[in-house]
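**Student:** output the structure for:
(one chain, ligands or ions: 1)
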Amino acid sequence: MKSLLKGKVAVVTGGTRGIGYAIVKKYLEAGAITILCGSREETAKKALEKIKAEMPDAQVDAIWPKLSDRAEMTAALNTIKEKYGRLDILANNAGISQNNSLFDYKDEDFDKILDINIKALYSCTRAAAEIMKDNGGGVIINTSSIVSYNGQGAGCGYPTSKFAVNGLTKSLSRELGKYGIRVNAVAPGVTRTDMLAVLPDEMIQPIIRNIPLGRLGEPEDVANAFVFLASDMASYISGAILPVAGAVVI
Ligand code: NAD
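**Tutor:** Numbering: from 1, shown residues only. Here you go, the predicted structure:
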């Protein structure tokens with residue numbers, strides 16, 4: 001694990017907490033120079049300081065561009081390339097979820113979820129792929145969800161966005177293969193992060209009973225898949241949607 005990503009430069013969106021924070025730590029442990037993206041300067045700098053305190057020798061940095069703004073993303077990633085000489089890995093992890101019923105949906109909520117879960121993914125991927133194409137290759141890993149298989153019973157915007165993540169992943173894996181760029185997605189099941197903290201225990205327990213491995217996912221379970229897919233061990237894997245969900249029955 002220690003040297004799986006040695007010499008690589010990685011960018012992780014939504015790296016300030018939850019699954020993204022775990023990916024940042026695992027990438028650093030695996031030897032990559034890792035840049036975390038936060039939504040705001042304050043939270044990005046706070047996460048950066050926390051990581052530096054936990055891992056004093058790690059080569060870690062932070063940025064906070066607007067992910068769905070392609071011009072801003074292009075400028076931010078070009079700055080990373082100039083500063084660190086390359087860009088090898090993009091982990092598109094930032095995302096939000098919604099649970100409201102169709103009749104309670106505000107149009108702006110639907111727009112918001114598509115903006116961060118899909119448009120940002122497109123902008124970040126486009127900006128990174130321009131650099132990777134010129135560098136002779138790279139790896140892009142998107143965060144899908146287990147709800148991208150059969151949807152969910154409320155909050156239709158969220159599974160809609162994750163079905164689109166799978167579509168973008170599979171399409172771009174075919175389009176970018178000729179440049180040596182691999183594109184995959186990880187589809188987490190219910191994972192113990194702030195996204196879950198809003199749910200009461202009486203909702204969590206039936207979820208756990210439906211998981212054959214008998215427990216919720218931890219952010220580290222998902223982050224391990226991001227390490228594997230980013231590494232040369234996955235050098236012939238592209239276009240995959242990898243479930244990390246304890247064999248959940250959906
Ligand atoms: P989280 O809420 O703990 O973290 C989300 C991250 O995304 C944060 O770092 C946040 O700053 C960032 N983010 C949110 N909106 C942003 C914006 N507008 N601009 C920039 N960054 C923004 O959630 P998490 O559980 O760690 O989720 C991470 C990813 O995993 C998401 O894509 C989510 O859909 C996916 N996922 C989570 C679960 C789960 O059960 N937790 C299950 C399946 C998929």
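**Student:** identify the residue nearest the geometric centre of the protein.
**Tutor:** What sits nearest the mean C-alpha location of the chain, by Cα atoms, centre = their mean, is Asn93, with 1.8 Å.
**Student:** dump the residue contacts of that residue.
**Tutor:** 12-15, 19-20, 23, 143, 226 (Cβ atoms under 8 Å, 6 or more residues apart in numbering). Placement of C-beta: from N, CA and C, glycine included.
**Student:** okay, now the sheet partners of the longest strand along the chain, with direction.
**Tutor:** Secondary structure of the chain per DSSP state E: the longest strand is strand 181-188. Looking at strand 181-188 with DSSP bridges, its partner strands are strand 138-143 (parallel), strand 241-244 (parallel).
**Student:** hang on, the earlier thing: any idea how far the residue nearest to the centre of the chain is from the ligand?
**Tutor:** 5 Å (Cβ to the nearest ligand atom, to the nearest Å).
**Student:** returning to that earlier point: between the strands paired with strand 181-188, which one is nearest to the ligand?
**Tutor:** The ligand lies closest, by Cβ to the nearest ligand atom, to one member of the strands paired with strand 181-188: strand 138-143, at 3.9 Å.
**Student:** buried stuff in the helix or strand just after that closest one?
**Tutor:** Proceeding N to C from strand 138-143, the next assigned helix or strand is helix 147-150, under DSSP states H and E. Buried residues in helix 147-150, counted by 16 or more other Cβ atoms under 10 Å: 147-149.
**Student:** kindly report the same for stretch 33-48.
**Tutor:** Residues of stretch 33-48 classed as buried: 33-39, 43-44, 47-48 (neighbour count, 16+ other Cβ under 10 Å).
**Student:** so which of those are also by the ligand?
**Tutor:** Near the ligand, judged by Cβ under 6 Å from any ligand atom, the entries from the buried residues of stretch 33-48 are 38-39.
**Student:** wait, which of the buried residues of stretch 33-48 is closest to Leu121?
**Tutor:** Cys37 (12.4 Å; Cβ to Cβ).
**Student:** make sure that closest one is actually in contact with Tyr21.
**Tutor:** No: the pair Cys37 / Tyr21 is not scored as a contact, 11.6 Å apart, by Cβ atoms under 8 Å.
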